[in-house]
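> Sequence plus the predicted model coming up.
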Amino acid sequence: MCGIMGYIGAKEASQILIDGLEKLEYRGYDSAGVAILNEGQIQVRKFKGRLSVLKENIEQHPVEGNIGIGHTRWATHGEPSDINSHPHKSSDNKISVVHNGIIENYIEVKEELQSLGYNFISDTDTEVISHLLDYYYNGDILDAVKKVINKIEGAYALGIVHADNPDMLIAVKKDSPLIVGIGEGENFIASDIPAVLKHTRKVYILESGEMAIVKKDSISLMKTDGTPVTKEVFNVTWDIEAAEKGGYEHFMLKEIYEQPKAIKDTLSPRINSNGEIKLDSLNISDDYVKNTKRIYIIACGTAYHAGLIGKDMLERYARIPTIVDVASEFRYGEPFIDSDTLVIVVSQSGETADTLAALRLAKEKGARVLAITNVVGSSIARESDDVLYTWAGPEIAVASTKAYTTQILALTLLALDIAIKNKSITHEDMDFIIKNLSHLSEKIEEILLNTENIKSIAERIHSSQSIFYIGRGIDYDVAREGSLKLKEISYIHSESIAAGELKHGTLALIEEGTPVIALVTQDRLYDKMLSNIKEVKARGAYVIAVAKKENSEIEKSADKVIYIPDVIDEITPALSIVPLQLLSYYVAYKRGCDIDKPKNLAKSVTVE
Ligand code: M6R
């Protein structure tokens, strides 16, 4: 998704902007540009393609100036092209704007401006902003910004430079992330913290409806109506290296290997010295739980798959009926939501547009909303009644890995906490599960130590046309995530099927040599899965089973087996997904794919 970086200070802005934008590359983009203000002139350079195209252009034809804004664009309105890239400018070249988000009423505004003689050169919604600023500018740029904000509808993070005000950058936020980086003799704006970390650890996180006037030596924060705002400085405690590859060839691999730590970091602060679960950040009383009639879990993509496991945990331990829905369906459906409903939204980034809209809808209908997210201060965290953070650290690769395993863990802890409040679990059972959870991290490490088998399977299946994943119960939930992981980074067609459903249609697609990955980790479903394996083998499938070590007789039925350590059935998902993540990674690697930035996808989907 789009990235914004802005700089004002004494250094050459172009280099700092490009450096910052590089740190946001993981968000996905199709074009990049900068606008540099120098001696009353704005120079814009922008190109379709990777940042390197822009970088090369600037190296060959330097653009001087100490104030500027930069942008990486992920096309929504208008195809990826030089013209549609940001920054956009006013016709007299005095105002330049970068924008993340969508201006919903841009067609109406555009027609109005055209009737006033304004000439549009791009297909973007953003261009209305630069022309509107020009239209409203009457010697006071802040007044013009306020009028523009009153006029436009939608979501936006804006960075603005104006040739008549060469001592300031203007930042405006509504529903799209934007921060201000606090330097010494220099300041920054950016759509995400990694862009400024090389220069400062001190940032202001802007809220919706706020703006900042950023000068070299000062930052003024205000609401968009001009009312001053005071805000605490947010000190970033994680390292820039945490956002870089740390010796791994890809972020995805690094993040897979970070799972033992992410699990430990998410679990340890939630278990007190008596070995009990303590979710301090939540304000959910026993009475509230007793009155809760149903739970909705709402999320997208991988977070939705974690939600499926969450449903199993909530129904199993807390005995409360739970519905899982993808946010884009939920928000246009007719959900059974009222004040007796607890809505749990799950989102790594905390900025996913559909999930945020679902959260708002749930609140409107009177539900209490609890967020499970990885990003402190994200929109979803701020707008929810309660937040349970996954402490996975920044996830950069588009393909989500450590976020998924920590989401499963957070949902399990939440289910156990609710179960205790609901008195639907005994303390003995609870202690037993917690003891098992406390070994999860080392069990994942065990899987990560032995990847040769997974690499050789990747070698065998990497040129397949189609790969199927089957499972029952929570194994089916993991199969869905395994299949998504494979298709998104390797571009191999893949489907996941509830194993018992095979004979109702999908079996027709199994032919000689078709790889079928069968998850067989649930003891009570073991025999059923063996029958399903036989079913596909009889049609020529090449079966790779994922099973617990104790079930080694599976070797008689499958062509290959990937073992996970022996654990209780309900905590297998956080283990069985790990070899599937690695398998997807090695298959994509063999196929020469752009693993961290798969085509057509973005890390954070902040538009509908
Ligand atoms: O940031 P979120 O967890 O809300 O993102 C939701 C999905 O876009 C995300 O999980 C996506 O499916 C993954 N990148 C897939 O690996």
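Nice, I can see it.
> Let me see the ranges of the strands in the stretch 351-500 of the chain.
368-373, 386-389, 466-471, 493-498 (DSSP state E, counting those that start in this stretch).
> A327 is nearest to which of those strands?
Checking the strands of the stretch 351-500 of the chain against A327 by Cβ to Cβ gives strand 368-373 as the closest, at 12.3 Å. All C-beta spots, glycine's among them, are computed from the backbone N, C-alpha and C.
> Using PDB, write out every CA atom in the closest one.
Taking C-alpha atoms only, strand 368-373 is exported to PDB below (Å, rounded to 0.1, in the frame of the first residue of the first chain):
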ATOM      1  CA  ARG A 368     -18.200  -4.400  22.700                       C
ATOM      2  CA  VAL A 369     -15.100  -4.700  20.400                       C
ATOM      3  CA  LEU A 370     -11.900  -6.300  21.400                       C
ATOM      4  CA  ALA A 371      -8.900  -6.100  19.100                       C
ATOM      5  CA  ILE A 372      -6.100  -8.500  18.600                       C
ATOM      6  CA  THR A 373      -3.400  -6.600  16.800                       C
END
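> what's that strand packed up against?
The contact analysis (3 or more Cβ pairs under 8 Å, 6 or more residues apart in numbering; DSSP states H and E) places strand 368-373 against strand 341-347, helix 353-364, helix 379-383, strand 386-389, helix 402-422.
> Now with 10 Å, please.
strand 294-299, helix 301-313, strand 341-347, helix 353-364, helix 379-383, strand 386-389, helix 402-422 (3 or more Cβ pairs under 10 Å, 6 or more residues apart in numbering; DSSP states H and E).
> rank the ones you listed by pLDDT, which is bottom?
Mean pLDDT is lowest for helix 379-383 among the helices and strands packed on strand 368-373, at a mean of 92.
> So for that one, what gets flagged as buried?
Going by neighbour count (16 or more other Cβ atoms under 10 Å), the buried part of helix 379-383 is S379, I380, A381, E383.
> mind giving me TSV with these and columns for distance to the ligand?
Shown next, in TSV, are those (distance: Cβ to the nearest ligand atom, whole Å):
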residue	distance to the ligand
S379	11
I380	8
A381	12
E383	14
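> Looking at these, which one is closest to A541?
I380 (40.8 Å).
> ok, for the closest one, nearest residue in space, not its chain neighbours?
G350 (4.0 Å; Cβ to Cβ, 6 or more residues apart in numbering).
> Likewise for L206?
K173 (4.1 Å).
> same question, V214
Nearest to V214 is L169, by Cβ to Cβ, 6+ apart, at 4.3 Å.
> Check I8 too.
I67 (4.6 Å).
> For that neighbour, list the residues it contacts.
6-9, 13, 35-38, 42, 161, 165-169, 186, 214-216 (Cβ atoms under 10 Å, 6 or more residues apart in numbering).
> Of the residues you listed, which belong to strands?
Taking DSSP state E as the definition of strands, the contacts of I67 contribute G6, Y7, I8, A35, I36, L37, N38, I42, V161, L169, V214.
> quick one, what contacts the first one?
The neighbourhood of G6, defined by Cβ under 10 Å, 6+ apart, consists of 13, 16-17, 20, 34-35, 67-71, 98, 159-161, 169-171, 178, 180-181, 187-191, 195-196, 214.
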